[in-house]
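I would like the atomic coordinates for the input below:
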Amino acid sequence: MTNAADSLMSLPVVGDIIAGKYELVRTLGEGGMGVVFEAVHLKLQQRLAIKVLNPKQEALAEAIVRFEREARAVARLEGAHVAKVIDVDALPSGLPYIVLEYLVGHDLGVELADSGPLPIDVAVDYAMQTASALAAAHAAGVIHRDIKPANLFLCDLTLPGRKLVKLLDFGVAKIIGDREEKVTGIDGCLGTPEYMAPEQLRTASDIDGRADVWSLGVVLYELLTGKTPYTGSLLNVVAGIAADPVPDPRRTRPALPEALAAVILRMLEKDPDRRIKTMGDVVDALAPFGPAERVSAALAAVPRTVARIGEILVANGVVTSSQLDAAVEVQRNTDRRLGRVLVDLGFLDAADLMAALAKQESGANSLAPPPPPPPPVRTRRVARPETRRLPKRGRWALIAIVALGVLGAAALGASSGDDAPRPTETAR
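Take a look at the predicted model:
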């Protein structure tokens, strides 16, 4: 339960200015973990997103540790498929926040709700982009543990018919070697059950990147068929993952290539040792079914004209011309980047540098105010599975119930194979 100190923490509101430079423009979304605002950097006139921990939760102290872990996890990662971290700090009340690059688009859950099952090459494209992002995350020692459509954001691009996938919500990520893992007590069932690997249902701490392979397999299955392999109540989902064979996706979509279905089923092997082992292997296995040109190659081929970082900082009044000249002089005698020299000389802070770099990459180099905000984010029209954590007692009770059910079925001589008829599945 929250204590008296926790109750003093309150969320900022639209119109507030955080850290003297981020003005909150509107609320983008709210979840159990945090509230996301659109903000504008007052000097750079750069649109940003600020995620503030939601204080309206019982285990607030644990939530703060998880929130800080998310910041550390995202800060470890680089590349086009992860939202860039601009700043990490806390409000005067102690409530932590993360400043991220602003993304234009919608999540994959909304895409599924609007369009239903996707064309094969589009679904595979999204899965391959996600696998590439997770390969980089795993190499950096970060296991996501909550891969699902709602955590995969589709960014609008100037390339016709193509979107860029970005990983969101590292709030339950596992950081290899992070001592905080035990502090938070996350050794129970943490994640979204419909997308969780069998070993993750048993314990969320003793897993590796193969659990993310399973989750991505479930996502690809859903992108192609419109549903996850196991549906219904939480008990039905957990029992299915624990004991039932994975239904062949061609039962729902017979036109799927047999070889693609085989890749999906290899990603969904219940025994981690028999599952596709790495995200790099996933990319290679899916490549024959994806688009002819990967989105990374397509983006690299697009010519961009951007201002130099120094020009952006001076034009927006973040540093003076004399400060820039002094930094350039220091840079000539070192091998450091100009931005790092400016920070080291105390002419700007690291957060302003990151915001300027985000502005440089977006090509938004004009002094004009940012464009008016787009219409409010659409309300999702279907209920999506939420990240759920079962307490230890409840988890073991659930596992015991499932185990008894499996043993009972075995005692009755029940068997289920790939060709056995399955009971009608309850729609989500």
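
for the stretch 151-300 of the chain, what spans make up the strands?
152-156, 163-167, 174-175, 189-191 (DSSP state E, counting those that start in this stretch).

In TSV, list these along with mean pLDDT, distance to residue 349 and mean neighbour count.
Every residue, glycine included, has its C-beta placed from N, CA and C. Output for these, formatted as TSV (pLDDT from 0 to 100; distance: least, Cβ to Cβ, whole Å; neighbours: other Cβ atoms under 10 Å):
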stretch	mean pLDDT	distance to residue 349	mean neighbour count
strand 152-156	91	27	20
strand 163-167	92	25	22
strand 174-175	85	25	21
strand 189-191	66	35	24
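
so which of those gets nearest residue 90?
strand 174-175 (20.0 Å; Cβ to Cβ).

counting contacts, what elements does that closest one pack onto?
helix 60-76, strand 142-143 (3 or more Cβ pairs under 8 Å, 6 or more residues apart in numbering; DSSP states H and E).

that older thread, want to throw the strands of the stretch 151-300 of the chain into a markdown table with distance to residue 266?
A markdown table is the format used below for the strands of the stretch 151-300 of the chain (distance: least, Cβ to Cβ, whole Å):
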| stretch | distance to residue 266 |
| --- | --- |
| strand 152-156 | 21 |
| strand 163-167 | 21 |
| strand 174-175 | 23 |
| strand 189-191 | 21 |
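
Compare those strands and give me the one nearest residue 249.
Nearest to residue 249, of those and by Cβ to Cβ, is strand 152-156 at 18.7 Å.

Next, the residue nearest in space to the middle of the chain: phi, psi?
For the chain, residue 168 is the residue whose C-alpha lies nearest the centre (Cα atoms, centre = their mean; 2.1 Å). Dihedral angles of residue 168 (phi, psi; degrees, to the nearest 10) stand at phi -120, psi 170.

Need the helices and strands packed on strand 174-175 in a markdown table (columns: mean pLDDT, distance to residue 101 and mean neighbour count).
Converted to a markdown table, the helices and strands packed on strand 174-175 look like this (pLDDT from 0 to 100; distance: least, Cβ to Cβ, whole Å; neighbours: other Cβ under 10 Å):
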| stretch | mean pLDDT | distance to residue 101 | mean neighbour count |
| --- | --- | --- | --- |
| helix 60-76 | 80 | 11 | 19 |
| strand 142-143 | 91 | 18 | 25 |
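
Relative to residue 342, which of these is closest?
helix 60-76 (19.9 Å).

now for the closest one, which elements pack on it?
By 3+ Cβ pairs under 8 Å, 6+ apart, helix 60-76 packs against strand 46-53, strand 85-90, strand 96-101, strand 174-175, helix 180-183.

For the closest residue to residue 154 other than its chain neighbours, list the residues it contacts.
Among residues not flanking residue 154 along the chain, residue 163 sits closest, at 4.2 Å (Cβ to Cβ, 6 or more residues apart in numbering). Residue 163 sits next to 105, 126, 154, 155, 156, 157, 295 when contact means Cβ atoms under 8 Å, 6 or more residues apart in numbering.

What number of residues are in the vicinity of the nearest residue to the residue nearest to the centre of the chain once chain neighbours are set aside?
Sequence neighbours aside, residue 151 is the residue nearest to residue 168 in space, at 4.7 Å (criterion: Cβ to Cβ, 6+ apart). By other Cβ atoms under 10 Å, the residues close to residue 151 number 23.

ok, now residue 28?
Counted with other Cβ under 10 Å, residue 28 comes out at 18.

That one reaches residue 34, doesn't it?
No. Contact criterion Cβ atoms under 8 Å: residue 28 and residue 34 do not qualify, at 10.8 Å.

got any residues that touch both of those two?
With Cβ under 8 Å, 6+ apart, residue 28 and residue 34 have no common neighbours.
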